[in-house]
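I would like to see how this sequence folds:
(chains A, B, C and D)
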Protein chains: 4
Amino acid sequence: MALKVVVIGGGSSYTPEIIEGIIKRQHQFPVNEIALVDIEEGKEKLRIVSELAKRMIRHAGVPIELSHTIDRAEALQGADFVTVQIRVGGLKARALDEKIPLSHGLIGQETNGAGGMFKAFRTIPVMLDIARDIQKICPEAWLINFTNPAGIVTEALLKHGPHQKVVGVCNIPYNMKNSIAEIFGVDVNRVMIEFAGLNHFVFGKRVWIDGIDRTEETIEHLLNDHLGYSPSNIAALPWNRQFLRSLRMLPSPYHQYYYQHEDALAKDIEAYNNNGTRAETVMEVERQLFEKYKDAEIHEKPKELEGRGGAYYSESACSLMNSLYHHSMDIQTVNTLNKGSIPDLPDDAVIEVNSVITKSGPIPLTVGKLPAAICGPICLMKKFEQLVIEAAVTGDYNTTYSAMITNPLVSSDHKAQKVLDEMLEAHKRYLPQFFEEVCEHETK
Amino acid sequence: MALKVVVIGGGSSYTPEIIEGIIKRQHQFPVNEIALVDIEEGKEKLRIVSELAKRMIRHAGVPIELSHTIDRAEALQGADFVTVQIRVGGLKARALDEKIPLSHGLIGQETNGAGGMFKAFRTIPVMLDIARDIQKICPEAWLINFTNPAGIVTEALLKHGPHQKVVGVCNIPYNMKNSIAEIFGVDVNRVMIEFAGLNHFVFGKRVWIDGIDRTEETIEHLLNDHLGYSPSNIAALPWNRQFLRSLRMLPSPYHQYYYQHEDALAKDIEAYNNNGTRAETVMEVERQLFEKYKDAEIHEKPKELEGRGGAYYSESACSLMNSLYHHSMDIQTVNTLNKGSIPDLPDDAVIEVNSVITKSGPIPLTVGKLPAAICGPICLMKKFEQLVIEAAVTGDYNTTYSAMITNPLVSSDHKAQKVLDEMLEAHKRYLPQFFEEVCEHETK
Amino acid sequence: MALKVVVIGGGSSYTPEIIEGIIKRQHQFPVNEIALVDIEEGKEKLRIVSELAKRMIRHAGVPIELSHTIDRAEALQGADFVTVQIRVGGLKARALDEKIPLSHGLIGQETNGAGGMFKAFRTIPVMLDIARDIQKICPEAWLINFTNPAGIVTEALLKHGPHQKVVGVCNIPYNMKNSIAEIFGVDVNRVMIEFAGLNHFVFGKRVWIDGIDRTEETIEHLLNDHLGYSPSNIAALPWNRQFLRSLRMLPSPYHQYYYQHEDALAKDIEAYNNNGTRAETVMEVERQLFEKYKDAEIHEKPKELEGRGGAYYSESACSLMNSLYHHSMDIQTVNTLNKGSIPDLPDDAVIEVNSVITKSGPIPLTVGKLPAAICGPICLMKKFEQLVIEAAVTGDYNTTYSAMITNPLVSSDHKAQKVLDEMLEAHKRYLPQFFEEVCEHETK
Amino acid sequence: MALKVVVIGGGSSYTPEIIEGIIKRQHQFPVNEIALVDIEEGKEKLRIVSELAKRMIRHAGVPIELSHTIDRAEALQGADFVTVQIRVGGLKARALDEKIPLSHGLIGQETNGAGGMFKAFRTIPVMLDIARDIQKICPEAWLINFTNPAGIVTEALLKHGPHQKVVGVCNIPYNMKNSIAEIFGVDVNRVMIEFAGLNHFVFGKRVWIDGIDRTEETIEHLLNDHLGYSPSNIAALPWNRQFLRSLRMLPSPYHQYYYQHEDALAKDIEAYNNNGTRAETVMEVERQLFEKYKDAEIHEKPKELEGRGGAYYSESACSLMNSLYHHSMDIQTVNTLNKGSIPDLPDDAVIEVNSVITKSGPIPLTVGKLPAAICGPICLMKKFEQLVIEAAVTGDYNTTYSAMITNPLVSSDHKAQKVLDEMLEAHKRYLPQFFEEVCEHETK
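Below you'll find the model as predicted:
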């Protein structure tokens, strides 16, 4: 058996990590064909990444054929797995997602608040297109989504797309496990965390090492030495001790935007004034990375990539594909349908949850009723997400405003409208669902 | 049949309104005995109100005997209805509820945010005492609670008290109906609003005049002429047009704290800097009212009382008692157990809901699933309320902090702790559940 | 304001009751036009009923114009209310519903078991046609359904029909209230029963007289004197004392088929052997009634009609129309959407429930969680009903079999298939959804 | 690390299977101590089994010390696992469970209908005693229950017992997997079935071989060749083809009592008339088995045991203990708390469900909403089970009758009472909760 993996958004700087992951698993996960796909504007980057990938493959001496193209339909022929890591509008659009809210005194972040909402608006229509192609061309293929906001995008695909073999992945759960492994000085495979919540709004409800509940000890560790624990790319503020003491669970790094709203905002505004948006920083990082990638002497994933933020994303994706292929029945944390795992949330909501990975897809483990302290915020966030999905699919202005005002990071009816209107205008060309004329124009 | 009404918190400036309500209904609601009860510290006010009440009764020529006492148990003998309007710690405590949060840049309000939470903490233990007395002395009596936060207090009584004949009332629903009546120029009895939500967090989901749905027209009216519509004592900010357009429901005046957080906070801080707390203003109003009350020439409820804020509270209470007594089967908006009326909320949660008033108590009408735009916030608020109740009953610090941080008006883990600690200290003598020594002292 | 009522199934022997109900309410419910509609085969009966109805109107001296027609669309012009009482296939079909199951040793009854299921299959397609007409011709009209199985038919209309102004009525709740009134010797208006359940599977959960809970006393009455209490047309078996003692609720007469399965079956088989089916008995009753109706001397509803079984059906319908028209806000027991009233059942299930009747339709009162003793059976029956509706709409054989085997009155996988096949064949011409060729033929 | 296993009901004829299972796993599951416990009346059988077990251990050459005692508390000292396989009242009581219902024309079966209910009544008080001992003496030990009715007993332990480390096992799921393996000619480890339902009322919702969904093929196999498929000790009737065609799931063998009620009853009555009760047959089988057991030449589990019915029960238990000990994270089918796995059932209900076995206990996989065709019956059965548990704990007669009449195998209010009274009388000495005097007597 030989497998074909299609990487949509193949020109991304993250691609070498996937290539590395596939190479590393070659003995058990027999990929013999990889197709990198990107769009017209990404052609040059696609070419550079493609060259690097070929050097990596050659260097590893594995029998994988790698191609690149901007013809998505062609690439999808015969695919077994399709990974998707796209950024509609590129880093320029991200800069706007960050800048506009901040300029009104609101959190401006890629996957949270108004910024995350617009990233979803730009991404969902494209993802649905991809899903339609997959359903037509390679209906047996798994779509592995790691495009952010990963939970929202995955739910949109499952609710509104024709293709149901979809799993969303994120690196945060893996990072959290890694942090715990470091704290206890054990191998990460001995750590299990019971996750409860949504992508970028997930809590570590219980921590086990070798199957023994060590949650209380973990909290004590955090209280004593690791208040600044943050297993992620986002610069973390230290947690208030009492916050951890009451919670008795692991917050995710993104929770600082909600529970440390004021401080996070102040810090972001300061950072913006000093260095511009995070998007702009990333642009520079990317520029340097691509310089490296061009270097014909390099035939391994450059170390610098690890500083890029999404570390382990591709690792998670490769590991998932491997288990889906082998019906490994191991437990991985993915974004998939709730199906009762958290009874407080709708059965058809996508949650981030430990799941048994079978050949027929992930089966979530039950989490049970959410603890009182986190149930309200998680239910609220899911309602927000569902409004975002509805707005993304319908382009309805009123629903969009409702989504905006439901988000806890947007606490002013007036500002909500201003930011909304400004962002709609700024992202106009990527939002066909909101601007019919544009839409017609685009599809011509 | 002759009835006895006991008014706990009888020394309140609102009492003349209840007296008036009972006098007005004398032909159908045959009260022949009223007992006003208060505590030692309120003795003088109790005496003054009692004298006024007696003059009112005499003037109306109705056969009601009125007594006053600080012996609650004695007063409860033979009671058919017990209304409770108490303020544990008095207006001084309210001033602290407003001042402390504001001094940290948080909303300081009597029934919302940190202030409302501490009002609940002070009130619930006393209310449970009253419920125990009623259950022992007059177990058939209805307890009509209009002590704020009315929804939280009513749920605490139903969950943790021995006496289940409890109904909570608030004047906001009545005020909202009144505003609609004014807008349409019709009598308030022709207006029906389907309420959805919680006390002080209730939405008017649909508006009917004479049974015909006029919700859309109502929203248009608000958009055109009544952006500042506020049927309440709290000074309202005008709503953002788009907010109303998306919502297509009636917000309650208290929603400004949530959806206009920043502006409301700014306004409150300004008001505080100019005039001190609302509590201090009210103290002055009360002082003047009691001057009036002392005037032996006055034998009717003074007009000035209407400016006091809680207008219609007593009206609602009298109307409710009348329907409970007569098994009127009319529809009133009360705080009572959900029982499935709003499937998104627990069956045993107290909600503010249109109910058929029978002799055996209110039966809520079904509201059905909450609209997406309000479901998240209402579920969040109910979770907050349930944490408050648990904290109020157990005095557990961690639960208290969790309640605090769950409240959308408290968006900082550090501030939450500071405000919490400061308020616990400030209200120490009214919080036996949090301070065991005090508790022991009190019960000696 | 003048109103038009359309009576579909106008040739029914029950129609004089509706006419009488409308005449009686003339001073408050100002109907000035009645159209009786029936199908070609019912023309002669329609004419007879129509003549009697005209004599009744003339005799009462009320200004109502009455017409009759087999052109449904014409009759619906300008309708305010449309009552539907049809019997697709007539009493001959009913005889088969009773005979076929009985011949296999299964309960054969008009609205329960296999018989009720096939009545639903014949009725639902016709009802959906009627609903489509109403939606097109008189979209503001209320459809008042009292065609059995009333709950199933109403749910099918609300789920699959275009017209949502639909209410189902049944006489059982009214009859149960009447029986209680007799037991206590009070006027029926002083009795309120909290109903819990489904049409023909409803329990009286609590009994109030003048708003005071008298449930326990009612059970004692039944235990002492009224074991054979049966407020209905179906001949009742006496209840087992212990059954009532454990239940502590009022069973409905149809519950004998479930809780006294064996005895009911034995009795029905004996009755069938002696007198043939109930349908055949009814045919004779009808024949005699129509003899009466033809008598030009008669200008009132003949007393004999009361023995017919469906007594109070029309009374319930008239009372409901009156309250819908006047926005009376009184409480009537109707078949309408659950909306959370019984949290154990889906929100979109139709239940039989006390509801406030407004101009915008009935609003169900909350019932709350079902008592443990009846929750299982009610949930089972609702699942059965939903399978019946799905089968009725799709004509899918597997779903039909699943419905059959889910019904507690059908406890054999082999018999289920035999009875099913025999009944499909027997009713073929009324089941277009199951027989495509027939369907095409019919619509030509 | 060395482990101690306590076998309560150690004198059972099944015990050699457990001993064999432990011996087989010696290299990975390091048991070095086994204590067999039984009651006074079982002393002789306990001695015989104990001797056989010792011979088996010696023969295998494994370092396990085996003791036997009737002092339960002593045996529990230091236990890591406690398996429980008891039969309160012995096979004589079982004979009554079968005989009495049959004599009234009702299904008489060990774990279903009236018989299963009384088995629960006799067993639950003793199990709660055992749980109290474990909690006191070896609180870290896992209680592995395979006493029938296993689901009901496990739920009773989790709801009313002090010890929460409880898992229930049954051999039916394993047997069903085995049958499927045979049908497909593959090793049983390659088969996975998604189970949905309750112990002895479980359906195989989906069948995977090597992770690929083969459900449809399985049904076709059953339809073509295996209508009599029955992976169990109970003699199976062939299924109706249409039943399987509609269901498209695997029924469990016990479903014949429900879906083939009449035929199963007829067959059981015939069998009873020919051979007496199943209990009596088993008594003879047991007698012969114990003859074997006494034979000092035998030092392996006798083959004859496999014909005994509960084959694989002990296998399932050993496999479970091994995974709990090793934190294997493999998937086994156990009886444990629902926690949302099947959203149609309460979170705190015990279900039979695929679960990941961790050191901290089983975590159920989500099953999701039940298919329409089985949802009603499963919900009904759970309601029945919950009434049985309540009756077993309280001894309340009305609740007992409600449980009885809720069971679909008991369809007559009169018979229900007769059978109930007769069985209460027959089992009196084992039902202290129903007969206070007896209770007092017993505890002296």
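
when you work out contacts or count neighbours from here on, use the C-alpha atoms and nothing else.
Fine.

tell me the confidence at whichever residue of the stretch 101-250 of chain A sits closest to chain D?
Proximity of the stretch 101-250 of chain A to chain D (C-alpha to the nearest C-alpha) peaks at A:G211, 4.7 Å away. Per-residue confidence at A:G211 stands at 92 (pLDDT).

my read: A:L237 touches A:Q256, true?
Yes: between A:L237 and A:Q256 there is a contact under C-alpha atoms under 8 Å: 7.1 Å.

now do the helix of greatest length in chain A: which elements does it pack against?
Identified as the longest helix of chain A according to DSSP state H is helix A:113-137. On a contact count with 3 or more C-alpha pairs under 8 Å, 6 or more residues apart in numbering or on different chains; DSSP states H and E, helix A:113-137 meets helix A:72-76, helix A:90-103, helix A:150-160, helix A:372-394, helix A:397-406, helix A:413-426.

common neighbours of A:L237 and A:Q256, please.
The overlap between the contact sets of A:L237 and A:Q256 (C-alpha atoms under 8 Å, 6 or more residues apart in numbering or on different chains) consists of A:A264.

on that earlier part again, burial count for the residue lying closest to the residue of the stretch 101-250 of chain A closest to chain D once chain neighbours are set aside?
The shortest distance from A:G211 to any non-neighbouring residue, by C-alpha to C-alpha, 6 or more residues apart in numbering or on different chains, is to D:K359 (4.7 Å). Neighbour count of D:K359, defined by other C-alpha atoms under 10 Å in any protein chain shown: 21.

what does A:K45 give?
18.

still on that earlier bit, any idea how far the residue of the stretch 101-250 of chain A closest to chain D is from chain C?
37 Å (C-alpha to the nearest C-alpha, to the nearest Å).

that residue contacts D:H327, correct?
Yes: with contact defined as C-alpha under 8 Å, A:G211 counts as touching D:H327 (5.6 Å).

which one of those two has more residues nearby?
Using other C-alpha under 10 Å, the more surrounded residue of A:G211 and D:H327 is A:G211, with 22 against 19.

quick one, what contacts that one?
A:192, D:327, D:358-360.

mind running it again at 6 Å?
D:327, D:358-359 (C-alpha atoms under 6 Å, 6 or more residues apart in numbering or on different chains).

return the closest of these with respect to A:E280.
Comparing those against A:E280 with C-alpha to C-alpha places D:T358 closest, at 45.8 Å.

hmm, D:I331 and the closest one touching each other?
No: D:T358 lies out of contact with D:I331 (C-alpha atoms under 6 Å); the separation is 9.5 Å.

for the stretch 151-300 of chain A, what spans make up the helices?
Ranges of helices within the stretch 151-300 of chain A are A:172-184, A:215-225, A:241-247, A:256-259, A:261-275, A:278-294, based on DSSP state H, counting those that start in this stretch.

okay, those, which one's buried deepest?
Ranked by mean neighbour count, those are led by helix A:256-259 with a mean of 22 (mean count of other C-alpha atoms under 10 Å in any protein chain shown).

how far does it sit from its chain's centre?
On the basis of C-alpha atoms, centre = their mean, to the nearest Å, helix A:256-259 sits 19 Å off its chain's mean C-alpha point.

cool, and stretch A:167-185?
14 Å.

same check on stretch A:367-376?
23 Å.

any part of it near chain D?
Yes: shown here: stretch A:367-376 in contact with chain D (C-alpha under 6 Å from any C-alpha of the partner chain) through A:G368.

between the two ends of that stretch, how far is it?
16 Å (C-alpha to C-alpha, to the nearest Å).

now do stretch A:130-146
Stretch A:130-146: ends 14 Å apart by C-alpha to C-alpha.

average model confidence for it?
97.

just stretch A:217-234 next, same as before
Rounded mean pLDDT across stretch A:217-234 is 74.

ditto for stretch A:371-389
97.

that one near chain B anywhere?
Yes: looking at stretch A:371-389 against chain B by C-alpha under 6 Å from any C-alpha, the contacts come from A:373, A:376, A:380, A:383.

residue ranges with poor pLDDT in chain A?
For chain A, applying pLDDT under 70 flags the ranges A:226-236, A:307-311, A:437-444.

what are the buried residues along the longest helix of chain A?
For helix A:113-137, the neighbour count (16 or more other C-alpha atoms under 10 Å in any protein chain shown) marks A:113-125, A:127-128, A:130-135, A:137 as buried.

OK, contacts around the residue lying closest to A:T147 once chain neighbours are set aside?
Spatially, and ignoring its direct neighbours in sequence, A:T147 is nearest to A:Q85 (4.7 Å; C-alpha to C-alpha, 6+ apart). By C-alpha under 6 Å, 6+ apart, A:Q85 lies in contact with A:9, A:146-147.

ok so, going back, quick check: phi and psi on the residue of the stretch 101-250 of chain A closest to chain D?
Here is the backbone geometry of A:G211 (degrees, to the nearest 10): phi 80, psi 0.

A:E300 now?
phi -140, psi 160.

same deal with the one 5 residues further on?
Here is the backbone geometry of A:L305 (degrees, to the nearest 10): phi -60, psi -30.

and for it, the neighbour number?
For A:L305, using other C-alpha under 10 Å, the count is 17.

again, but for A:I23
Residues near A:I23, counting by other C-alpha under 10 Å, number 20.
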